[in-house]
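**Q** the sequence and its predicted three-dimensional model are supplied below.
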Amino acid sequence: MKDNRKNKKDISNPWLEAWDRLKKNKLGRMGLILVGILITTAILAPIIAPYSFKEQNILKRYQPPSRQHLLGTDELGRDILSRIIYGARISLQIGLISISISLLVGVTLGLIAGYYGGIWDMVIMRFMDIMLAFPAILLAIAIVAILGPQLQNAMIAISIVNVPRFARLIRSSTLSVKNSDYINAARGIGSNDLRIILYHVLPNSMAPLVVQTTLSIATAILEAAALSFLGLGAQPPTPEWGAMLSDARSSLQMAPWVAAFPGLAIMFGVLGFNLLGDGLRDALDPKMINI
Amino acid sequence: MRNCNFKAILLIMVLMTVLISIPGLAQDKYGGTLVFGRGGDSVNLDPINATDGESFKVTLQVYDTLVQHKPGTTEVIPALARKWDVSDDGKTWTFYLREDAYFHDGNPVNAEAVKWNFDRWRLEDNPYHKGGSFAYYPYIFQGFPGVIKEVNVVDDYTVKFILNEPQAPFLRNLAIVAFGIASPEAVEKWGEDYFKHPVGSGPFKFVEWRKDDRIILEANEDYWNGRPYLDKVILRSIPDSSARYMELQAGAIDMMNQVNPENVKSIQDNEELKLLIRPSMNVAYLAMNFAFEPFDNVKIRRAFSHAINKQELIDAFYVDLAEPAKLPLPPSVWAYNDKIKDYEYNPEKAKELLAEAGYPDGFEFDLYYMPVPRPYMPKPKLIAQTLQYYLSQVGIKANLVTYDWSTYLDKLSNKEAETFIIGWIGDNGDPDNFLFPLLDKTNSENNYKSEELHKVLVAAQTELNTEKRKELYYKAQEIIHEDAPFVPLVHSTDPLALKNKVMNYIPNPTITETFHKVWLQNK
């Protein structure tokens, strides 16, 4: 028994090692904390928010921060703190859902392109190049303009513009392992393509994928805020941070806090995911082990 | 003290008389460019195909109508027609045109041109009856060809209108800016694109239209009523009212309309700016489309009326510059029926009505709101959100929907919107001009089709006796109140802010003032 346990520790799980390294990385830890706060806030929103996000009192518009309204009230007399707390839910939803979709589509396309090569590679990757040629936000605006301004459509648009990044990433790591010995060995013992892809090629790309996903969530939150700011994303009264910022713009001179707090919320949300992504990159890079 | 003031006033008056009488100074009125900041761009510069104030603001500079309003009032004075006669039965109108009016392309404005325009508007098989829906014609004249039976050229400068039946506000209707006389040659040349290349005979010529940015006009040197003082007018669209106000403070624009009510005080305190209040003759309302369930049910429509707190809307968004509306007619119009009592704000009653109508748990629907501020509604988005909130308090869920301004108007006139907020600004001060375009079965954008109301409104149009017309309009307003086809929200007052140097700008209740006599001091 004792020997066994000792053995296990020696062999060591690479993910646990990465976790240890992440915890030691100062910035990564900060990112982890910020993301943790964001997730907790999102989950506990109805419990911790002092008011409902849509409760409004138009006779109490633009109240500065006070004990009653810790962050003040907005242009419709709604409690800004409560709206930011509920907004965490929306932003997190956008990040997770839209990136999951692009992950799924992008990884599939990347694997097909990389593994089969030839005409598949040609068609898929040239198409991805075309999409990358457009600035992401412009492409997203165009897609929303076609689908109609709604939060779901903004999420679809964001997932579409993020597909090429995942496809490229996966394709290149697939190419690098496609002809390695263990793949040939797997093929030798009769594994079919699906099995090889799922059990041998994909796990090999896990580390960069995790990093890319985390960073993409940050971008997605930012892009959704931008779309909502332009009136193409969340529609009222959804407490989306970008939409809140946009509505507060007209009162910037008179009531700066209405714009400041959602802006800070976006900043910390995006910062959290970015720091976490960078931390993960360092932690998951095997070359960093000895540092 | 009193004495002192009197002396000061006397001194100023003397000084002013002296100043005015110096010929050099009078000459100085000429020249300069006026930059006007407004909340939205024009939609269509062919006046008959426009329905919105932002289009009319431009077309009325470019076009003349047969008769016009005296500045600041709805009184009718001559324009292209220098005088007119009407037969005793009210069915034959003869207009004598002035002989010195020319279109900007050099063609004379004669009887032939007037007939050509009216035929284009009223006859659906006219080859030039295209490029839009010609909405204003049926609004005013009951469909195509409507009450105007014939338009005849008597001689070069005399034109005769023969009506099927008398129309009480006929003369006032001809002053409506939508009936600006266009150059036939230009319409023939541009066809469906004419709305981008307007040619009229008005005080300003059209120069350029940069969509969603600006429209540039220049003085018509040969205007029959004298060259305008200004050389050039630029109308810029700046949808955000606070951004527009900042541009005014920065000096990028010389004047603006649709001032945020919150900014009124700071304009009054600012020594470089002055504030003008336009006489109010408008209504903002929330309409419910009868083609969508459950809005065909009067209980639902009344429930909406009970669910909305109009006074609170005004306190929050209009400051003091509005009053709650109970009817589509504003109190400034002479047939306003003050005896009608509004549906009071009472959410409990709204809930009861919903339950009675079979919707105790509410329902979900689309609420369209305008993308640009309007004189009757400075902040459509905030007001829409507030309406959404009021309705949510009685259990109804409104999804807010908006489009760009011209698409928005299209959706409304295609009757596609389930519920929508919009407003109406009176064109000529006649009650017919509110009730017939908005609520008659032939025009209603929310599919309100009341035969009873139609009969009353048509009877009121043909009745020439003012007292009897008043009774008919009282009756019409009772029907409208009972049916509650829309929730009248407010009658607002539109504040304008001007730089001190902008002189002689007289706001008109119909919002149709020209820049003809406006001049700039210390250019």
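**A** Noted; the coordinates are in hand.
**Q** which residues of chain A lie near chain B?
**A** Residues of chain A lying close to chain B by Cβ under 8 Å from any Cβ of the partner chain are A:54, A:56, A:58-59, A:61, A:75-77, A:231, A:235-237, A:247, A:249-254. The C-beta positions use only the backbone N, C-alpha and C, and glycine is treated the same way.
**Q** which ones among the residues you listed lie within helices?
**A** Cross-referencing these against helices under DSSP state H gives residue A:247.
**Q** quick one, which of the residues of chain A next to chain B are buried?
**A** Neighbour counting with 16 or more other Cβ atoms under 10 Å in any protein chain shown marks A:54, A:56, A:58, A:61, A:75-77, A:231, A:235-237, A:247, A:250-251 as buried within those.
**Q** same list (those residues) but as JSON lines, adding pLDDT.
**A** Listed next are those as JSON lines, based on pLDDT from 0 to 100:
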{"residue": "A:54", "pLDDT": "83"}
{"residue": "A:56", "pLDDT": "86"}
{"residue": "A:58", "pLDDT": "84"}
{"residue": "A:61", "pLDDT": "86"}
{"residue": "A:75", "pLDDT": "86"}
{"residue": "A:76", "pLDDT": "89"}
{"residue": "A:77", "pLDDT": "88"}
{"residue": "A:231", "pLDDT": "84"}
{"residue": "A:235", "pLDDT": "83"}
{"residue": "A:236", "pLDDT": "81"}
{"residue": "A:237", "pLDDT": "85"}
{"residue": "A:247", "pLDDT": "86"}
{"residue": "A:250", "pLDDT": "78"}
{"residue": "A:251", "pLDDT": "81"}
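**Q** strands - which of those land there?
**A** Of the positions in those, not one sits in strands, assigned by DSSP state E.
**Q** quick check: closest non-adjacent residue to the one residue in the stretch 101-250 of chain A that gets nearest to chain B.
**A** In the stretch 101-250 of chain A, no residue comes nearer to chain B than residue A:250, which is 4.4 Å away by Cβ to the nearest Cβ. Nearest non-adjacent residue to residue A:250, counting by Cβ to Cβ, 6 or more residues apart in numbering or on different chains: residue B:242, 4.4 Å away.
**Q** what number of residues lie near that neighbour?
**A** Residue B:242 has 18 neighbours, counted by other Cβ atoms under 10 Å in any protein chain shown.
**Q** next: the one 10 residues further on.
**A** Applying other Cβ under 10 Å, we find 13 residues neighbouring residue B:252.
**Q** let me know the pLDDT of it.
**A** Taken from the predicted model, the pLDDT recorded for residue B:252 is 94.
**Q** now do the one 10 residues further on
**A** Predicted confidence (pLDDT) at residue B:262: the value is 81.
**Q** could you find the closest non-adjacent residue to the one residue in the stretch 51-200 of chain A that gets nearest to chain B?
**A** Residue nearest to chain B within the stretch 51-200 of chain A (Cβ to the nearest Cβ): residue A:58, separated by 3.8 Å. Counting by Cβ to Cβ, 6+ apart, residue B:316 is the residue found nearest to residue A:58 once chain neighbours are left out, at 3.8 Å.
**Q** go on, residue A:41?
**A** Taking Cβ to Cβ, 6+ apart as the measure, residue A:41 lies nearest to residue A:88, with 4.4 Å between them; neighbours along the chain are not counted.
**Q** return the residues in contact with the residue of chain B found nearest chain A.
**A** With Cβ to the nearest Cβ as the measure, residue B:316 is the residue of chain B nearest to chain A, at 3.8 Å. Residue B:316 makes contact with A:58, A:59, A:61, A:77, B:386, according to Cβ atoms under 8 Å, 6 or more residues apart in numbering or on different chains.
**Q** confirm that it sits in a helix.
**A** Yes. Remark: residue B:316 belongs to a helix, assigned using DSSP: H, G, I helix; E, B strand; the rest coil.
**Q** ok, the residue of the stretch 101-250 of chain A closest to chain B - contacts?
**A** Residues in contact with residue A:250 (Cβ under 8 Å, 6+ apart) are A:75, B:240, B:241, B:242, B:243.
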